[in-house]
Each structure stands twice: as C-alpha cells, then as structure tokens.
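Chemist: Provide a 3D model corresponding to the input given below.
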Amino acid sequence: MRSARRHLPTTSSLASVSSMERPTRFEHTRYLGDKRTQLVYDLDEWSDGSVIDDIVAAETGICFGPDTLAEARNRGYTLARPGLTRRHRRPRA
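Modeler: Down below sits the predicted model:
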C-alpha cells in the first residue's frame with residue numbers, strides 16, 4: 001500500500017499570489033460592500049485583511065450582482081481607499 005503524498009506549493013507558485021484571501025462567504029465576489037459605511041472594497045486590490053475581517057464578523061457585508069464597481073456605485077457605494085474612513089451607522093437592512 002502506497003502512502004498518499006501531499007502536493008506542497010513551491011515558492012514560485014506562492015510568489016504569484018498577489019491578492020488577499022477572500023472570506024468564505026464571499027469567495028466568489030470581487031467587490032465587498034460595508035453596509036455601515038457605504039464603502040466598497042476591491043478584494044483583488046485591498047491589502048488590509050483586518051478591515052475585511054471586521055465586516056465579516058459584524059455581518060454587514062454585501063455583494064453585488066453583477067459583481068462590478070459600476071453596480072456598487074449604482075447602489076450608492078464609494079470605492080474604499082487606504083486612509084478613507086466614514087462614520088459607522090447601523091445598517092438599514
């Protein structure tokens with residue numbers, strides 16, 4: 001009986017990953033909105049994982065269909081930038 005060998009990623013394959021790991025609930029979306037601040041985060045470009053973890057923990061995240069920045073803007077969301085903050089409000093829905 002042969003033992004199963006696990007495939008371990010090489011350092012070259014790890015270096016090619018540039019975006020952050022997406023939350024489980026939003027693994028198929030690129031744009032994640034925060035209902036409290038009306039900010040939308042591009043998960044392919046955003047590097048601060050603590051902000052995304054806070055949105056998921058507070059259960060105030062929203063995804064958009066179609067998953068585009070234009071759709072997020074149609075719903076009143078603004079693209080988040082590092083250093084941009086807004087006051088947290090209670091989500092309406």
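Chemist: Every contact and neighbour count from this point should use C-alpha atoms.
Modeler: OK.
Chemist: Could I get the full set of helices for this structure?
Modeler: 11-15, 49-58, 69-74 (DSSP state H).
Chemist: What distance do you get for residue 45 to residue 79?
Modeler: Counting by Cα to Cα, to the nearest Å, the separation of residue 45 from residue 79 is 11 Å.
Chemist: These two: who's more crowded?
Modeler: Set side by side, residue 45 and residue 79 show more neighbours around residue 79, with 16 against 12, by other Cα atoms under 10 Å.
Chemist: Quick check: bridge partners of that one?
Modeler: The partner list for residue 79 in beta bridges (DSSP bridges) reads residue 40.
Chemist: which residues touch it?
Modeler: Going by Cα atoms under 8 Å, 6 or more residues apart in numbering, residue 79 touches 39, 40, 41, 42, 69.
Chemist: isn't residue 88 right up against residue 36?
Modeler: Yes. If you go by Cα atoms under 8 Å, residue 88 and residue 36 touch, sitting 5.0 Å apart.
Chemist: More neighbours: these two, which one.
Modeler: Under the criterion of other Cα under 10 Å, the comparison of residue 88 against residue 36 puts residue 36 first, with 17 against 11.
Chemist: Roughly how far does the residue nearest the centre of the chain sit from residue 54?
Modeler: Residue closest to the average C-alpha location in the chain (Cα atoms, centre = their mean): residue 43, at 3.9 Å. Per Cα to Cα, residue 43 is found 14 Å from residue 54.
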